[in-house]
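Novice: my questions are about this predicted structure, shown below with the sequence.
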There are 2 protein chains.
Amino acid sequence: MDVHGRDLRYFTSVAEELSFTRAAERLFVSQPALSKQIRMLEKQLGVVLFERDRRAVRLTAVGEALLPHARAMLAAWEAAQTAVQEARTAERHTLVIGMSTSPGRGLLPALRARLDFRHPEARPILRQVNWADPSAGLADGSSDVAYVWLPLPDEDRYQYAVVAREPRLVALPDGHPLAARAASDSEGMVDFSDLWDEPFLALPPEAGPLRDYWLALDARDGRQPRIGGVVASAEETHEAVAGGQGVALLATGNAPLVVRDKVIAVPVRGISPAQLAVAACRDDKRTLVLAYLAAAREVGATTC
Amino acid sequence: MDVHGRDLRYFTSVAEELSFTRAAERLFVSQPALSKQIRMLEKQLGVVLFERDRRAVRLTAVGEALLPHARAMLAAWEAAQTAVQEARTAERHTLVIGMSTSPGRGLLPALRARLDFRHPEARPILRQVNWADPSAGLADGSSDVAYVWLPLPDEDRYQYAVVAREPRLVALPDGHPLAARAASDSEGMVDFSDLWDEPFLALPPEAGPLRDYWLALDARDGRQPRIGGVVASAEETHEAVAGGQGVALLATGNAPLVVRDKVIAVPVRGISPAQLAVAACRDDKRTLVLAYLAAAREVGATTC
DNA sequence: CGCTGTGATAGCCATGAGTTATGGACGTCC
DNA sequence: GGACGTCCATAACTCATGGCTATCACAGCG
């Protein structure tokens, strides 16, 4: 039914040398082994491939018919092997970088430059992941490294480096009463306690602890937040805030993505700053991944 | 180094089914066997071909790269097999008919018709063989059946059927004294004893007993013949006789090939008639060979 | 909770591909 | 003409491999 590639190699060698002994030493096997294999091949095909005269070995018509096919298959296998190796190195040099929204803040070019310097062969690929996955693709392996907001669910499964630490703002419709209150504040801020009764836009439930974090559950003294809607992208957030469905906490660096038209953002007193990190799976020891994390640590040291 | 075709089959099956279990039953092997083989293939190539998630199996980028090559090789093997089978049937239907000179006497068409009747698929091929080989290619296997003159060297190696039995003539230059003697003979013949001292044209030494036969050694009472030259074809014989190098014995049916211009042929008294046979190797039991011999026997029964 | 379906693992066995040693048929050389 | 060398085939053995069954671990589902 099938052939072993080896048998084809043996066959072509004997066909080229027209001698079992010489072919055997060219193939680095013993002559009886070669004889036997050729016999097995002939038996399998039900034909005679070589005419073993006392003094000479020569191809039969059938052998002649097989030879070009055998050569073609061997060449095809060579090609297949190189294709596999190429795919493998391409894969080794590819780094899939997951992110929810563009991390901005000049982070991507800064890290890219550091990666390029150490690993010019690297081929980083940027990948947008829905906000519903707080690990930005790490959890299901679709990203090698990712820009994530802390805290991560299952945080001990990951290794990470914080690259930005920024106060959180609240996004409001521009006519909102709290906007005026902030304007009258000495620092232009609002207290989070003033937001307790506001309807909030939340991440999808799958986001787990991250959803809680952006609702600032820990700063509510045990009170349940009112959920005004679920959003899974900057665009949705803008629309929902402008439409009066609720307010939403934002990292400072993300404000430009949401603040326009009828939406403003105001700093909030009494909640912890947001932390953006570059993360990877804890057990991932691949060179490029570690290099990207190292770059993140360097950049993080200067920006935080 | 090489692959077993089976592994490629297994690989493509799993790639198509994206399930080891289903692929295994499609391949009529157990699921563990399939798992193991795929692992071995991956180990051999040093790459991961499938990503086995708990719930799903999918091709890696490397697997994707291998798949088309694997398919191509399987297709190539299919093609190779059909090529071999075609060559085999072509070979089975081919009958190489060896002959020294054209046997003439209407034998070829008569036998051809009988062969066609029984085996319309047969593809007889006529092959001219030098007179130096009295077996007309049977000895070295280059002919399957052959028109030969008896006696054959190693006669027990062959099976044969006599298809013509004819008096032998002697070819002479037209001015030769024996031509006149024959003309005055009551039966228009010469006695072989009259030829004892003539120079004879002989077959090459390799022809063995056949050379002796056409020198009619047995009718010389122990006297050695004088050899006027060596000939290996009808054309050479004509030239040599016409040129006076010597005389030569001929089968009646072959006379037309030699007798023209300055060469005549005269019946000889005192030597046995020539016997033309169709022969094959004794141990050759192939259908077409036996059929041709049977046809020869039928035709021989009517002509002898 | 147990049931089902999937892939991996373990242990067993037959086969297959390799080895060395040897045999038989020719050529060749002294 | 006998000794030897060459070449392919055969024999006997070893060990890896490909197959099997039985079983486990885990996820999804009723």
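Specialist: Noted; the coordinates are in hand.
Novice: what residues does the stretch 101-250 of chain A have near chain B?
Specialist: In this structure, the stretch 101-250 of chain A approaches chain B at residues A:G141, judged by CB under 8 Å from any CB of the partner chain. Backbone N, C-alpha and C define where each C-beta goes, glycine included.
Novice: residue contacts, whichever residue of the stretch 101-250 of chain A sits closest to DNA strand C?
Specialist: Nearest to DNA strand C, among the residues of the stretch 101-250 of chain A, is A:G141, at 15.2 Å (CB to the nearest atom of the strand). If you count contacts by CB atoms under 8 Å, 6 or more residues apart in numbering or on different chains, A:G141 has them with B:E51.
Novice: now the strands: where do they sit in the stretch 151-300 of chain A?
Specialist: With DSSP state E, counting those that start in this stretch as the criterion, the stretch 151-300 of chain A has strands at A:158-166, A:168-173, A:190-191, A:199-202, A:226-230, A:248-251, A:263-269, A:274-281.
Novice: quick one: average confidence on the shortest one?
Specialist: Right, the one you point to is strand A:190-191. Along strand A:190-191, the predicted local confidence has a mean pLDDT of 89.
Novice: the fifth one too?
Specialist: Confidence over strand A:226-230 (mean pLDDT, whole number) is 88.
Novice: summarise which helices and strands that strand is packed against.
Specialist: For strand A:226-230, the packing partners by 3 or more CB pairs under 8 Å, 6 or more residues apart in numbering or on different chains; DSSP states H and E come out as strand A:199-202.
Novice: what does the fourth one give?
Specialist: Applying 3+ CB pairs under 8 Å, 6+ apart, one finds that strand A:199-202 contacts strand A:226-230, helix A:234-242, strand A:248-251.
Novice: out of those, which is closest to B:P124?
Specialist: B:P124 lies closest, by CB to CB, to one member of the helices and strands packed on strand A:199-202: helix A:234-242, at 83.2 Å.
Novice: stretch A:279-288 close to chain B?
Specialist: No - with CB under 8 Å from any CB as the measure, stretch A:279-288 is seen stopping short of chain B, the closest distance being 13.2 Å.
Novice: which residues touch the helix or strand encompassing A:L115?
Specialist: Secondary-structure element containing A:L115, defined by DSSP states H and E: helix A:107-118. With CB under 8 Å, 6+ apart as the test, helix A:107-118 has contacts from A:95, A:97, A:102, A:122, A:124, A:126, A:147, A:163-164, A:276, A:278, A:288, A:291-292, A:294-296, A:298-299.
Novice: chain center to the helix or strand of chain A with the lowest mean pLDDT: distance?
Specialist: Taking mean pLDDT, DSSP states H and E as the measure, the helix or strand of chain A with the lowest value is helix A:177-184, at a mean of 83. Mean C-alpha position of helix A:177-184 versus that of the full chain (CA atoms, centre = their mean, to the nearest Å) differs by 43 Å.
Novice: just stretch A:68-82 next, same as before
Specialist: A distance of 34 Å separates the C-alpha centroid of stretch A:68-82 from that of its chain, computed with CA atoms, centre = their mean.
Novice: show me where pLDDT drops low in the stretch 201-304 of chain A?
Specialist: Of all residues in the stretch 201-304 of chain A, none has pLDDT under 70.
Novice: excluding its backbone neighbours, what's nearest whatever residue of it ends up closest to DNA strand D?
Specialist: Scanning the stretch 201-304 of chain A for the residue nearest DNA strand D gives A:E206, at 13.6 Å (criterion: CB to the nearest atom of the strand). Nearest in space to A:E206, with sequence neighbours left out and distances taken as CB to CB, 6 or more residues apart in numbering or on different chains, is A:A132 at 4.8 Å.
Novice: thanks a lot, catch you later.
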